[in-house]
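Fold the following and give me the result.
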Amino acid sequence: MSPDVHDPAATVLAAAETSVRTRRAAALEDLELVLAWADLHRDDPQHKPGAIPVRYGGDQLIDLGGDGTPYVQDLCLGELAIARHTHLLSTRAVMADALDLRHRLPQTWAIVQTLACEAWVACRVASMTRKLSFDQVALVDEAVARAIGGCAPGRVFRIVEAKIIET
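Model prediction:
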(Lines give C-alpha, C1' and ligand atoms only; values in the text may rest on other atoms or scores of the structure.)
Protein backbone atom coordinates (compact mmCIF):
# COMPACT_ATOMS: atom_id res chain seq x y z
CA MET A 1 0.00 0.00 0.00
CA SER A 2 1.45 3.35 -1.03
CA PRO A 3 1.05 5.99 1.66
CA ASP A 4 -0.78 9.21 0.87
CA VAL A 5 1.95 11.87 1.12
CA HIS A 6 -0.64 14.33 2.35
CA ASP A 7 -1.69 12.08 5.23
CA PRO A 8 1.00 12.03 7.93
CA ALA A 9 -0.74 9.22 9.82
CA ALA A 10 -0.66 6.95 6.77
CA THR A 11 3.00 7.82 6.22
CA VAL A 12 3.90 6.88 9.80
CA LEU A 13 1.94 3.62 9.61
CA ALA A 14 3.60 2.66 6.34
CA ALA A 15 7.02 3.43 7.82
CA ALA A 16 6.20 1.34 10.91
CA GLU A 17 5.24 -1.62 8.73
CA THR A 18 8.43 -1.28 6.70
CA SER A 19 10.48 -1.04 9.89
CA VAL A 20 9.07 -4.29 11.26
CA ARG A 21 9.69 -6.16 8.02
CA THR A 22 13.23 -4.77 7.80
CA ARG A 23 13.99 -5.79 11.40
CA ARG A 24 12.58 -9.27 10.86
CA ALA A 25 14.51 -9.67 7.60
CA ALA A 26 17.76 -8.67 9.35
CA ALA A 27 17.13 -11.18 12.16
CA LEU A 28 16.40 -13.90 9.60
CA GLU A 29 19.56 -13.04 7.68
CA ASP A 30 21.58 -13.30 10.89
CA LEU A 31 20.17 -16.77 11.61
CA GLU A 32 20.81 -17.88 8.03
CA LEU A 33 24.43 -16.68 8.22
CA VAL A 34 24.92 -18.54 11.49
CA LEU A 35 23.52 -21.67 9.84
CA ALA A 36 25.79 -21.22 6.82
CA TRP A 37 28.79 -21.00 9.19
CA ALA A 38 27.65 -24.14 10.98
CA ASP A 39 27.29 -25.94 7.65
CA LEU A 40 30.85 -25.00 6.71
CA HIS A 41 32.10 -26.49 9.98
CA ARG A 42 30.33 -29.82 10.34
CA ASP A 43 33.16 -32.14 9.23
CA ASP A 44 35.16 -33.79 11.99
CA PRO A 45 38.39 -31.80 12.31
CA GLN A 46 40.10 -34.79 13.91
CA HIS A 47 39.98 -36.56 10.55
CA LYS A 48 42.12 -33.88 8.88
CA PRO A 49 45.81 -34.71 8.30
CA GLY A 50 47.95 -33.23 11.06
CA ALA A 51 45.01 -32.52 13.35
CA ILE A 52 45.98 -31.57 16.88
CA PRO A 53 44.49 -34.15 19.26
CA VAL A 54 41.61 -32.92 21.40
CA ARG A 55 43.57 -33.64 24.59
CA TYR A 56 46.11 -30.99 23.46
CA GLY A 57 43.49 -28.37 22.59
CA GLY A 58 42.61 -29.57 19.11
CA ASP A 59 39.25 -28.89 17.54
CA GLN A 60 36.40 -31.34 17.91
CA LEU A 61 32.76 -31.74 16.98
CA ILE A 62 30.24 -30.61 19.59
CA ASP A 63 26.51 -31.01 19.94
CA LEU A 64 24.93 -27.59 20.40
CA GLY A 65 21.31 -28.21 19.50
CA GLY A 66 18.80 -30.76 20.57
CA ASP A 67 18.29 -34.33 19.40
CA GLY A 68 18.51 -34.50 15.61
CA THR A 69 20.73 -31.48 14.98
CA PRO A 70 24.12 -31.82 13.31
CA TYR A 71 27.33 -31.42 15.26
CA VAL A 72 29.65 -28.47 14.56
CA GLN A 73 33.32 -27.78 15.14
CA ASP A 74 33.90 -26.24 18.54
CA LEU A 75 36.59 -23.77 17.58
CA CYS A 76 34.60 -22.21 14.74
CA LEU A 77 32.39 -20.46 17.29
CA GLY A 78 35.10 -18.03 18.36
CA GLU A 79 35.61 -16.73 14.84
CA LEU A 80 31.89 -16.25 14.36
CA ALA A 81 31.56 -14.49 17.71
CA ILE A 82 34.28 -12.04 16.70
CA ALA A 83 32.66 -11.38 13.31
CA ARG A 84 29.25 -10.83 14.93
CA HIS A 85 30.67 -8.69 17.76
CA THR A 86 28.98 -10.94 20.31
CA HIS A 87 30.13 -13.00 23.25
CA LEU A 88 31.11 -16.60 22.58
CA LEU A 89 28.28 -17.92 24.75
CA SER A 90 25.76 -15.73 22.94
CA THR A 91 27.02 -17.06 19.62
CA ARG A 92 26.74 -20.65 20.88
CA ALA A 93 23.15 -19.99 21.97
CA VAL A 94 22.17 -18.43 18.65
CA MET A 95 23.72 -21.30 16.70
CA ALA A 96 21.95 -23.86 18.89
CA ASP A 97 18.63 -22.05 18.38
CA ALA A 98 19.14 -21.77 14.62
CA LEU A 99 20.06 -25.45 14.30
CA ASP A 100 17.03 -26.44 16.38
CA LEU A 101 14.73 -24.29 14.27
CA ARG A 102 15.98 -25.69 10.97
CA HIS A 103 16.28 -29.34 12.01
CA ARG A 104 13.75 -29.83 14.82
CA LEU A 105 11.12 -27.11 14.34
CA PRO A 106 10.76 -26.91 10.56
CA GLN A 107 7.18 -25.61 10.56
CA THR A 108 8.11 -22.81 12.95
CA TRP A 109 11.26 -22.10 10.91
CA ALA A 110 9.09 -21.74 7.79
CA ILE A 111 7.02 -19.06 9.55
CA VAL A 112 10.20 -17.19 10.54
CA GLN A 113 11.37 -17.33 6.92
CA THR A 114 8.16 -15.63 5.74
CA LEU A 115 8.79 -12.78 8.22
CA ALA A 116 5.38 -13.44 9.77
CA CYS A 117 6.82 -13.58 13.31
CA GLU A 118 9.67 -12.29 15.40
CA ALA A 119 12.77 -14.49 15.16
CA TRP A 120 13.54 -14.00 18.86
CA VAL A 121 10.23 -15.67 19.76
CA ALA A 122 11.07 -18.69 17.60
CA CYS A 123 14.56 -18.83 19.11
CA ARG A 124 13.07 -18.85 22.60
CA VAL A 125 10.81 -21.73 21.55
CA ALA A 126 13.90 -23.58 20.29
CA SER A 127 15.65 -23.02 23.59
CA MET A 128 12.62 -24.10 25.62
CA THR A 129 12.34 -27.37 23.69
CA ARG A 130 16.04 -28.29 23.43
CA LYS A 131 15.84 -31.19 25.87
CA LEU A 132 12.88 -32.83 24.11
CA SER A 133 13.49 -35.77 21.82
CA PHE A 134 13.19 -35.33 18.08
CA ASP A 135 9.77 -37.03 18.13
CA GLN A 136 8.50 -35.02 21.10
CA VAL A 137 9.46 -31.66 19.61
CA ALA A 138 7.31 -32.35 16.54
CA LEU A 139 4.17 -31.95 18.69
CA VAL A 140 5.41 -28.57 19.89
CA ASP A 141 6.39 -27.49 16.38
CA GLU A 142 2.93 -28.14 15.02
CA ALA A 143 1.21 -26.16 17.78
CA VAL A 144 3.67 -23.28 17.68
CA ALA A 145 3.53 -22.96 13.90
CA ARG A 146 -0.24 -22.43 14.15
CA ALA A 147 0.14 -19.71 16.78
CA ILE A 148 3.44 -17.89 16.36
CA GLY A 149 2.36 -15.60 13.53
CA GLY A 150 -0.74 -14.27 15.23
CA CYS A 151 -0.42 -14.63 19.00
CA ALA A 152 1.45 -12.59 21.57
CA PRO A 153 4.82 -14.04 22.62
CA GLY A 154 3.53 -14.86 26.10
CA ARG A 155 0.72 -16.93 24.61
CA VAL A 156 3.19 -18.78 22.35
CA PHE A 157 5.39 -19.59 25.35
CA ARG A 158 2.41 -20.87 27.32
CA ILE A 159 1.53 -23.13 24.38
CA VAL A 160 5.10 -24.45 24.39
CA GLU A 161 4.96 -25.10 28.14
CA ALA A 162 1.64 -26.93 27.78
CA LYS A 163 2.93 -29.08 24.90
CA ILE A 164 6.08 -29.92 26.87
CA ILE A 165 3.90 -31.15 29.72
CA GLU A 166 1.83 -33.14 27.21
CA THR A 167 4.89 -35.00 25.88
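
How many residues are close by the closest residue to residue 90 other than its chain neighbours?
In space, and not counting its chain neighbours, residue 90 is closest to residue 81: 7.3 Å by CB to CB, 6 or more residues apart in numbering. The C-beta positions use only the backbone N, C-alpha and C, and glycine is treated the same way. Residues lying near residue 81 (other CB atoms under 10 Å) number 18.

what does residue 148 give?
24.

tell me the phi and psi of it?
phi -60, psi -30 (degrees, to the nearest 10).

Start the count at 27 instead of 1 going forward.
I'll keep to 27 as the first residue from here, and by that count the last item is residue 174.

was I right about it contacting residue 137?
Yes: between residue 174 and residue 137 there is a contact under CB atoms under 8 Å: 5.4 Å.

Between these two, which contacts overlap?
143, 148 (CB atoms under 8 Å, 6 or more residues apart in numbering).

Look up how far residue 145 lies from the residue sitting nearest the centre point of the chain.
Centroid check for the chain by CA atoms, centre = their mean gives residue 124 as the closest residue, at 2.8 Å. Applying CB to CB, to the nearest Å, the value for residue 124 to residue 145 is 9 Å.

Can you work out which residues contact both of these two?
With CB under 8 Å, 6+ apart, residue 124 and residue 145 have common neighbours residue 57.

Tell me which residues touch the residue nearest to residue 116, please.
Each residue near residue 107 by CB under 8 Å, 6+ apart is listed here: 113, 114, 116, 117.
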